[in-house]
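Structure here, sequence nowhere to be found:
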């Protein structure tokens with residue numbers, strides 16, 4: 001499984017970005033997907049997850065009300081729409097897929113950098 005993330009960039013506070021992550025393979029809709037981020041000097045943290053069907057989503061408190069995770073299973077792609085970005089959202093964002101056993105995230109994309117300036 002290969003995951004290719006894109007869409008990062010530099011924006012001012014209050015701006016928006018949409019991250020995309022496209023997965024290889026033919027069973028994309030069977031697996032939950034997640035977005036994580038890691039800021040310099042900090043541990044990787046969960047941002048949002050979405051079920052295989054797209055019917056259930058979870059957000060970290062920091063993302064609630066500002067970020068929206070979605071997926072297009074026909075395109076093997078998961079998205080993270082980020083609005084009202086804040087400087088503390090600056091991080092490398094990673095997409096990930098759960099393992100075949102459904103326990104944990106075993107496949108990771110390469111990361112895309114998001115930088116928010118004040």
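Structure received. Only a predicted model underlies this, so the values are computations on that prediction, with no experimental measurement involved.

Just give me the residue right at the centre of the chain.
What sits nearest the mean C-alpha location of the chain, by C-alpha atoms, centre = their mean, is residue 35, with 2.6 Å.

just the strands in this protein please.
Per DSSP state E, the chain has strands spanning 3-6, 9-12, 17-23, 33-38, 45-50, 57-59, 67-72, 77-82, 91-98, 105-108, 112-117. These are given in chain order.

Kindly point out the strands partnered with the lowest-mean-pLDDT helix or strand in the chain and how each is oriented relative to it.
Least confident helix or strand, the chain: strand 105-108 with a mean of 94, by mean pLDDT, DSSP states H and E. Using DSSP bridges, the strands paired with strand 105-108 are strand 91-98 (antiparallel).

How about residues contacting the strand it pairs with?
1, 3, 5, 8, 19, 21, 23, 31-39, 42, 44, 47, 78, 80, 104-114 (C-beta atoms under 8 Å, 6 or more residues apart in numbering). Where C-beta positions appear, they are placed from N, C-alpha and C, glycine not excepted.

now those: which count as buried?
With burial judged by 16 or more other C-beta atoms under 10 Å, the buried subset of the contacts of strand 91-98 is 3, 5, 8, 19, 21, 23, 31-37, 47, 78, 80, 105, 107-109, 111-112, 114.
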